[in-house]
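1. Need the 3D shape of this:
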Amino acid sequence: MNKVSFIAPCYNEELVIEEFYTRLCQIANSYNQYEFQFLIVNDGSLDDSAKILDRLAKEDCRLAVLHLAANVGHQNALFAGIEMATGDINITIDIDLQDPPELIDKFIAKIEQGFDIVHAQRLTRKNETFFKKFSAKVFYRFLSITSTAELIEDCGDFRAFTKIVRESIIKYREKHKYLRGIFATIGFSQSIIKYERDGRHSGQTKYNLKKMLSLASDATLNFSRFPIKLMFIVSTLMWSLSLLYLAKAMISKFMFDTTVDGWTSIIFFQVFFSGVLLFFIALIGSYVGRIYEQGQARPDYIVHYTKNLKKDI
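-> Got it, this is the predicted structure:
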């Protein structure tokens, strides 16, 4: 019998855990031909999420819980779940129920057709602010222009994949993970299904502006060489402009015996160019910082204890 693993990171989701679990149980009860694992990664929650998960896991051995010792962020928590899952078919999903787990029938149908990775692409984003929708559109458009990798627009972390893909994904050990990009570029046979995204069942989104910017930064620096190319382009333009300005000054002095006016503009350009250079230094520092963190080889997460996994800690 094939095994299906639902993998969901959880951070302060006490209001939605039981509803999420109930809907997974309804799905599992309608698929007698599959064995199910509900793997929830508690990413250092500060509310009663851990207590609720432990209580449910005690009542149902299908619910496996991985409690992390500290909050490591959505992508690392999701990666921990992928690493611990044991399914032949694996489905990553957010616990807030914006992504309907009932799409499992479409996922399984695609995998039975021979696909190894099935991405779920959003058609709509219900109950999301104009800013979030607009920023997401700009973000995906920017990546499509600047990255050589073919990333999928409006595709989050809701997808299904086979065991061989799971075993390949866990070999990626970079510190700043962008799993959407890894899945899109890892290869294998891939397909896309489209769906209408629901609003949150309850609670508040954990992806604030800071976390959104951090994810966008990881995506850009991990899957695009555009920042490095931009440094070369802008520095070349600045160098060319300075040569033109020098030529103008020499012509004015030696051919027309006039002084060069425009000290205000000179100061402006000096401040502007200094700002651009400092920005590029900071950008280089970001790359160097990532190399330093990678070299430290610290673990992506630390497990506090587990419930209903093969090796309970």
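2. Find the nearest non-adjacent residue to Lys163, please.
-> By the measure of CB to CB, 6 or more residues apart in numbering, the closest residue to Lys163 outside its immediate chain neighbours is Asp88, 5.1 Å from it. In short, each C-beta sits where N, CA and C put it, glycine included.
3. Of all residues in the chain, which one is nearest the centre?
-> In the chain, the centroid-proximal residue (CA atoms, centre = their mean) is Tyr178; its distance is 4.1 Å.
4. any idea how far His74 is from that residue?
-> 11 Å (CB to CB, to the nearest Å).
5. per-residue confidence at the residue nearest to Lys163?
-> Asp88 is assigned 94 on the pLDDT scale.
6. thought it was touching Val4?
-> Yes. Between Asp88 and Val4 a contact is recorded at 7.4 Å, counting by CB atoms under 8 Å.
7. So between these two, which is more surrounded?
-> Neighbour totals were compared for Asp88 and Val4, and Val4 leads with 24 against 16 (other CB atoms under 10 Å).
8. show me the contacts for that one.
-> Val4 makes contact with 31, 34-37, 87-91, 104, 108 under the criterion CB atoms under 8 Å, 6 or more residues apart in numbering.
9. With adjacent residues omitted, what lies nearest to Arg298?
-> Take Arg298 and drop its neighbours on the chain: the residue closest to it by CB to CB, 6+ apart is Lys175, 7.8 Å away.
10. Then Ser168?
-> Nearest-residue entry for Ser168: Ile186, 6.1 Å, with adjacent residues in sequence omitted and distances by CB to CB, 6+ apart.
11. how far away is the one you found from Ala120?
-> Going from Ile186 to Ala120 by CB to CB gives 17 Å.
12. okay, these two: which has more neighbours?
-> Ala120 (25 against 16).
13. So that one, which state does it fall into?
-> Classification of Ala120 into helix, strand or coil gives strand, according to DSSP: H, G, I helix; E, B strand; the rest coil.
14. For it, give me its contacts.
-> Remark: with contacts taken as CB under 8 Å, 6+ apart, Ala120 is in contact with 99, 103, 107, 155-156, 158-159, 192-195.
15. Which members of the residues you listed occur in strands, if any?
-> Residues of the contacts of Ala120 located in strands (DSSP state E): 155-156, 158-159, 192-195.
16. re the thing from before, could you rank the contacts of Ala120 by neighbour count and give me the top one?
-> Ranking those using other CB under 10 Å puts Arg159 first, with 26 neighbours.
17. what's the weakest-modelled helix or strand in the protein?
-> The helix or strand of the chain with the lowest confidence, counting by mean pLDDT, DSSP states H and E, is helix 209-223 at a mean of 62.
18. Give me the number of neighbouring residues for Glu19.
-> The number of residues packed around Glu19, counting by other CB under 10 Å, is 14.
19. separation between Phe279 and Thr124?
-> In this structure, Phe279 lies at 36 Å from Thr124, with CB to CB as the measure.
20. ditto for Lys171
-> From Lys171 across to Thr124, the span is 35 Å (CB to CB).
21. neighbour-wise, which of these two wins?
-> Relative neighbour count places Thr124 above the other of Lys171 and Thr124, with 12 against 7, counting by other CB under 10 Å.
22. Could you list the paired strands of the helix or strand where that one lies along with their orientation?
-> Taking DSSP states H and E as the criterion, the element that holds Thr124 is strand 117-125. Each strand pairing with strand 117-125, determined using DSSP bridges, is listed with its direction: strand 155-162 (antiparallel), strand 190-197 (parallel).
23. ok, and what's touching the following helix or strand past the first one?
-> Tracing the chain C-terminally past strand 155-162 and defining elements by DSSP H and E, one meets helix 163-169 next. Outside of helix 163-169, the residues that reach it under the criterion CB under 8 Å, 6+ apart are 79, 82, 85, 87-90, 116-117, 161, 179, 182-183, 186, 188.
24. need the next SSE after the longest helix along the chain, C-terminal direction.
-> Among the segments of the chain that qualify as a helix by DSSP state H, the longest is helix 263-296. Where DSSP H and E defines the elements, the next helix or strand beyond helix 263-296 is strand 303-307.
25. Show me what that next one is packed up against.
-> Identification of packing neighbours for strand 303-307 by 3 or more CB pairs under 8 Å, 6 or more residues apart in numbering; DSSP states H and E yields helix 49-59, strand 63-68.
26. Pick the most deeply packed of these.
-> Ranked by mean neighbour count under mean count of other CB atoms under 10 Å, the helices and strands packed on strand 303-307 are led by strand 63-68, which reaches a mean of 24.
27. Now tell me what touches the helix or strand just after that one from outside.
-> From strand 63-68 onward toward the C-terminus, using DSSP H and E, the following helix or strand is helix 74-84. In this structure, residues lying in contact with helix 74-84 by CB under 8 Å, 6+ apart are 7-11, 39-41, 43, 64, 66, 68, 72, 90, 92, 157, 166, 169-170, 177-179, 206-207, 211, 215, 218, 300-301, 303, 306, 309.
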